[in-house]
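In: Got a predicted model here, sequence first, then my questions.
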Amino acid sequence: MKSTARHSANPWVVAALTLLLLAAMAASCLFGAVDFGWSDLWHSPIFLQLRLPRVIMSVLVGAVLSVCGAAYQSIFRNPLTDPYVLGVSSGASLGAAAAILLGLETFLWGVGGMALVAALLTVLLIYRIASIGNRMHTTTLLLTGVCLTLLISALISFLMVLNQEKMDAIIFWTMGSFGSSGWMDVWMMAPVAVLGIGVVLWYGRDLNLLLAGSEAAKSMGCEVEKVKRVLLLATTLMVAFAVSSCGVVGFVGLIVPHAVRLVAGPDNRRVVPYSMLCGALFVLVCDTLARTLLRPSELPVGSLTSMVGAPLFIYLLYKHKRSC
């Protein structure tokens, strides 16, 4: 019992991060192209229909990408793996580009729906290629995802060259934005995020065993193939819904779990819940900056997550190296 408590997430840390996230959400609601006072919030349609769902979506997407990054890095035993390694983002980008070229932006979830379908079909294709019988080869899965990502990126570039009048819309979407997020996106994303994160949290111990390798994990009672399939299904669905709703928000799934591990250690029973809260806070702050730094214009949030995240990550690595 003591061992379990020692390796699980510290409730005081979880409570502190949760309070910090709630405070940041409240502050973020006040800032944007139009500033509000506390007394004006609940009477403003801009706040109720645009800003509040945007804040919630940024939190959900940040939590999802960070948790998926932590899971992928343990499943593939590769510290450079992130949520987009399986071709989810490239597939979604191709679907979104096709929807934009077909003029589906005016339809409810026209671009997002096409992106979601394309992302799921891409991942299904990769799984089929990487699966032999009942066994899934993770190395083949990774290599197929990388190759397909490069192929789809080339196709998107080709489409943009042929349709230069739509190039800006496609590029902005592939760099990520919560500008069009509404309550429909929240209602679709929230249950997927809650269920998916719940599955990853449930398999926290198994993720630790997978880090030791498949044979070692089996010897310690882990049903390796079943665990991999369940986790990959849950994480892929989460990433597909996230990308289809806001585009590609890069670097989050790579930096946040690593930063958490540098501070809290490698145990996924701590890494996953801490990454969920830290990722939500990180993307929320980046999105708030994206819509306030150049207002009334807006920056792609994906560019900010990379610009803010990369130097922070390098600093954490440097600090950790000096302390070793």
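Out: On my side now, so go ahead. Residues are numbered from 1 along each chain as shown.
In: ok, now how distant is the closest residue to V88 other than its chain neighbours from R291?
Out: Counting by Cβ to Cβ, 6 or more residues apart in numbering, V88 lies nearest to V239, which is 4.6 Å off, once chain neighbours are set aside. Glycine gets a C-beta too; all of them are placed from N, C-alpha and C. Distance of V239 to R291, computed by Cβ to Cβ, to the nearest Å: 23 Å.
In: helix or strand for L231, which one?
Out: helix 224-246 (DSSP states H and E).
In: Would you mark the buried spots in the helix or strand just after that helix?
Out: On the C-terminal side of helix 224-246, the closest following helix or strand by DSSP H and E is helix 252-264. For helix 252-264, burial by neighbour count (16 or more other Cβ atoms under 10 Å) applies to V252, G253, L254, I255, V256, P257, H258, A259, V260, R261, L262, A264.
In: got it, and stretch 47-61?
Out: Under the neighbour-count criterion of 16+ other Cβ under 10 Å, stretch 47-61 has 47, 50-61 buried.
In: returning to what we had before: and the helix holding L231, what does it pack against?
Out: Here helix 224-246 touches helix 52-75, helix 88-101, helix 110-130, strand 135-136, helix 183-202, helix 204-210, helix 214-219, going by 3 or more Cβ pairs under 8 Å, 6 or more residues apart in numbering; DSSP states H and E.
In: Pull out the buried positions in that helix.
Out: Buried residues in helix 224-246 (16+ other Cβ under 10 Å): 224, 227-228, 230-232, 234-246.
In: Would you mind stating the distance between the closest residue in space to G176 that isn't next to it in sequence and Y72?
Out: When the adjacent residues along the chain are set aside, G176 lies closest to G302, with 3.2 Å between them (Cβ to Cβ, 6+ apart). Noted for G302: a distance of 18 Å to Y72, by Cβ to Cβ.
In: picking up where we left off before, CA atoms only: put the helix holding L231 into CSV for me.
Out: Output of helix 224-246 as CSV, limited to C-alpha atoms (Å, rounded to 0.1, in the frame of the first residue of the first chain):
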residue,chain,number,x,y,z
VAL,A,224,1.5,-6.6,-24.1
GLU,A,225,-0.4,-6.8,-27.4
LYS,A,226,-3.8,-6.1,-25.7
VAL,A,227,-2.4,-3.1,-23.8
LYS,A,228,-0.8,-1.7,-26.9
ARG,A,229,-3.9,-2.0,-29.0
VAL,A,230,-6.2,-0.4,-26.3
LEU,A,231,-3.8,2.4,-25.7
LEU,A,232,-3.1,3.1,-29.4
LEU,A,233,-6.8,3.1,-30.1
ALA,A,234,-7.6,5.5,-27.3
THR,A,235,-4.7,7.9,-28.0
THR,A,236,-5.3,7.9,-31.8
LEU,A,237,-8.9,8.8,-31.4
MET,A,238,-8.0,11.6,-29.0
VAL,A,239,-5.4,13.0,-31.4
ALA,A,240,-7.7,12.6,-34.4
PHE,A,241,-10.5,14.6,-32.7
ALA,A,242,-8.0,17.2,-31.5
VAL,A,243,-6.4,17.8,-34.9
SER,A,244,-9.8,17.8,-36.7
SER,A,245,-11.1,20.5,-34.4
CYS,A,246,-8.2,23.0,-34.3
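In: I'm done for today, thanks for sticking with me.
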